[in-house]
Structure formats: C-alpha cells, structure tokens
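Provided below are the primary sequence and the corresponding predicted coordinates.
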Amino acid sequence: MFSQLFSESNLPRFRQQQIRTAWFDPAISGWDEVTTLPKGMREEFKVQFPWMSLTSVRLQASQTAHKGLFRLDDGKLIESVLMVNSKGDWTACVSSQVGCAMACDFCATGTMGFSRDLTVDEIVDQMRYWRQFLHTNPHVSGRLSNVVMMGMGEPLNNYDAVRDAMWSFVDHMGIGKTKVTVSTVGVKRGMDRILEDESWPDVRVAISLHYADQTKRAEHMPVANQRPVDELQAWCKQYLLRYGNRNHYLTFEYLMLEGKNDGAQDVEAFSRFLKGIDRYKVNLIPWNEVNNLAYNRASEARTLDFQARLKKAGILSTIRKSLGREIDGGCGQLVVLGEEGG
Ligand code: SAH
C-alpha cells in the first residue's frame, strides 16, 4: 500500500518526503497525526491507504520477549516477536510468509503448511508496529536495533518482498546492514538470486543447517532433495567469494536434536561440510518444545559436550540463548492454529 501510494497518486516530491518521514516515525500512529499534510489530503489517504496493513489481536510478554499475533487484511494470522538483545536493545523476529512450505519435521510453523507470501507492507509493518510499541510503551526502554528474518516462513521463497522490506529497514529505520539477518533452510532459486542480484542489500545470511549429512538432512528437511548438502556447500563458497570480508561471514544454525544430529558421524559430516568455507560462525540452538513432534530438548550438559566435540574437530561455536520460550515465541515455535492461520 505504501508503495502504491507513490505510484498511484502522482504526488510532488516534497509531499512524498513528508509522507515517508511520517510513515516511519514511531511517534505517529495514523493519518490524522500527519499534520504536515493538508486536512483534505489526510482524509483522502485515510480511506485509500490504511496506516497499517496488520492489526494486533494479542500480545504476550515475558521479561525478555514480547510476542504479537497479528491479523492481516484477508483475515490470516501471523506472529512476530520482539526480544531483548545483548546490548539491552531490541531485536525483532519478523515473519515472511503465512505458514511455511518447507515442512522441516522439527518446526512448529512447518506443521501448519503454506498459505501465502506476505507483502512488502506486511513485512515492514511488523517492524513499524514494534517501533511504535517501544515508543509508546512506558514500561519498556531501548531501541529496535536489529532484525532477524526468522519468523514464520522461508524468506527466500518470498525473495522480492523480503529484499524490498530489508531495504526499508536500512533506508528508513536506521538499521545497519550488519544488523539485519536473513535466515534460510537453503532454497535453490532464492540463494542463486542472491549471488547475481545487484540490488541485494548485503545483510547477514544465516543458514539453518541442522543436519550436515545429506541422507539425514533429506529425511528431516525436504529442501535437501531440491538442494543437496554438497550444492549448499558450493553455494557458501561462492557467496563468500562475492560478499565475504572482515565483517561479513555466514552463520550456520545447528539445532541440538538429541540423539538425531549430535553423534560422532554428525561431527564428521559437519566438519566435512565446513571444509573450504572460511568465514563462518556456528550457532548451536537448543530445540524448543513443540507439541506432538518427535524430538527431545537436549540437556545443557549434552549441548556442552557436543560443543566440546565440535571444538576438537576445529569448529568453534556459540550456544544461542533462546528467548521467548515461555510465551511460545522461541525459534520454531511460531504457529497459528485454526482455520485463519492455514
Ligand atoms: N525458514 C527460515 C526462517 C525461519 S528461522 C529458516 O528455517 O532458516 C527459524 C529458525 O528456528 C530456523 O533456524 C529453524 O530451523 C529453527 N527452528 C525450527 N524449529 C525449531 C525448534 N523447535 N526449536 C528451535 N529452533 C527451531
């Protein structure tokens, strides 16, 4: 809608600028408050271009995270999470699709199936919402400094909208490119586009690896049938040739799935995978409980043990703190049940 506003309404540049400034101002929550515009124009826009493409239907909060459930114009529901980060500022975890088609067998979103892509506005508005939330809520302080495209959906399956939304974070919300992370299970087309795309904002890329062995990966993450592990590895090398530099690396996310991906062979497969990939970080992620999924959350001791075994194989890693679990807003727990979600 926001982009439509400019394409459809022949506005002079200074008006466009006034609107853009107001649109991304967390202190402004509707057309009525855009007092730089004449009243008639505000009234007109109010009817044609709703200020927000989503409405919040429920907010849940813990000490360190807030989770919002949002209704879209067509009644579909999505979730989005705000988490405190290491600097005391906030990181938003933003959704890119309603549901997800990737069907990873450890993920809650995967169980709801795919419904549709989000529009650029719907992605951007999750951020506008959280910025307003922080601005107007007297009980929370700190600014929204980081964003991870790690909510519901596979961002690279909604490439154009995700890319444009990320530009919006960078250009209009003052978020640095290295503070934006897009996470993917490794879809072929979207990943290949990154390598060729002149207008790709070189944000950080994280890959949800979880299984480095092709047979196992394909068993639990169907995407591996479309892009096998060795092709994924080749992509990583190409990516680093093109974008790698001192502060540009790849992040590999590795879920701790007790008894499934934490054996000696898994360490071997992981280290084979990383051969030739020079700039990377590994994040070990405790698996968050999802009802009815056949996994167990690894104990801390087991996670530390795996970390030690990786280290022996020359792989340094960090263990990701999982926030939002108490409100089912942790990684892989975002799901909307019932008709409207799916
Ligand atoms: N589809 C993209 C974006 C979602 S990111 C991707 O998968 O990368 C969400 C992250 O949470 C992914 O790394 C995903 O693998 C991970 N995840 C999925 N289920 C989880 C669970 N139950 N507990 C913890 N992390 C989970």
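Received it, and whenever you're ready, just let me know what you need. Numbers count the residues shown, from 1 in each chain.

and the residue lying closest to Val148 once chain neighbours are set aside, which of the three is it?
Spatial nearest neighbour of Val148, excluding adjacent residues (C-beta to C-beta, 6 or more residues apart in numbering): Thr181 at 4.6 Å. C-beta: built from backbone N, CA, C; applies to glycine. Following DSSP: H, G, I helix; E, B strand; the rest coil, we place Thr181 in the strand state.

partners of Thr181 in the sheet?
Thr181 forms beta bridges with Val148, Arg204, as assigned by DSSP bridges.

in the protein, where is pLDDT below threshold?
The chain contains residues with pLDDT under 70 at 1, 337-342.

show me where it has its helices.
Assigned helices in the chain, in chain order: 2-8, 13-23, 39-48, 108-111, 120-136, 159-172, 188-196, 214-220, 223-226, 229-243, 264-274, 300-312 (criterion: DSSP state H).

the ligand: which of those helices is closest?
helix 108-111 (6.2 Å; C-beta to the nearest ligand atom).

who's in contact with the closest one?
99-100, 102-104, 152-153, 290, 292-293, 332-335 (C-beta atoms under 8 Å, 6 or more residues apart in numbering).

report the two of these separated the most.
Farthest pair in those (C-beta to C-beta) is Gly153 and Asn292. Separation: 20.8 Å.

surely Ser145 meets Gly88?
No. Ser145 is beyond contact range of Gly88, at 9.6 Å (criterion: C-beta atoms under 8 Å).

ok, whichever residue of the stretch 201-342 of the chain sits closest to the ligand - how many residues close by?
For the stretch 201-342 of the chain, the residue positioned closest to the ligand under C-beta to the nearest ligand atom is Gly332, at a distance of 1.8 Å. Gly332 is flanked by 22 other residues according to other C-beta atoms under 10 Å.

show the contacting residues for the nearest residue to it once chain neighbours are set aside.
Closest residue in space to Gly332, ignoring its immediate chain neighbours: Cys107 at 4.4 Å, by C-beta to C-beta, 6+ apart. Listed by C-beta under 8 Å, 6+ apart, the contact set of Cys107 reads 100, 290, 332.

hmm, what's the outermost residue in the protein?
What lies farthest from the middle of the chain is Gly40; by C-alpha atoms, centre = their mean that is 38.4 Å.

could you measure from the residue nearest to Ile78 when sequence neighbours are not counted over to Leu304?
Distance criterion C-beta to C-beta, 6+ apart; nearest residue to Ile78, sequence neighbours excluded, is Ser95 at 4.7 Å. Per C-beta to C-beta, to the nearest Å, Ser95 is found 32 Å from Leu304.

who has more neighbours, the two?
Using other C-beta under 10 Å, the more surrounded residue of Ser95 and Leu304 is Ser95, with 26 against 13.

surely the more buried one touches Leu334?
Yes. Between Ser95 and Leu334 there is a contact under C-beta under 8 Å: 7.1 Å.

overlap of the contact sets of the two?
Shared contacts of Ser95 and Leu334, counting by C-beta under 8 Å, 6+ apart, come down to 79, 151-152.

the closest residue to Ala101 other than its chain neighbours pairs with what?
Using C-beta to C-beta, 6+ apart and skipping residues adjacent in sequence, the residue nearest Ala101 is Phe114, 3.6 Å away. For Phe114, the beta-bridge partners are Gly99 (DSSP bridges).

please list the residues of the stretch 201-342 of the chain that sit near the ligand.
208, 210, 253, 255, 285, 287-288, 290, 331-332 (C-beta under 6 Å from any ligand atom).

repeat that with 8 Å
206-208, 210, 253, 255, 285-290, 293, 295, 322, 330-333 (C-beta under 8 Å from any ligand atom).

among these, name the buried ones.
206-208, 210, 253, 255, 285-288, 290, 295, 322, 330-333 (16 or more other C-beta atoms under 10 Å).

wait, what's in contact with Pro26?
Taking C-beta under 8 Å, 6+ apart, one finds 128, 131-132, 134-136 in contact with Pro26.

make a PyMOL selection of the buried ones in the residues you listed.
If you want just the buried ones from the contacts of Pro26 in PyMOL, going by 16+ other C-beta under 10 Å, the selection is:
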select buried, resi 128+131+132+134
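
could the contacts of Pro26 be laid out in a markdown table, adding distance to Gln214?
A markdown table is the format used below for these (distance: C-beta to C-beta, whole Å):
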| residue | distance to Gln214 |
| --- | --- |
| Arg128 | 41 |
| Arg131 | 42 |
| Gln132 | 45 |
| Leu134 | 43 |
| His135 | 47 |
| Thr136 | 49 |
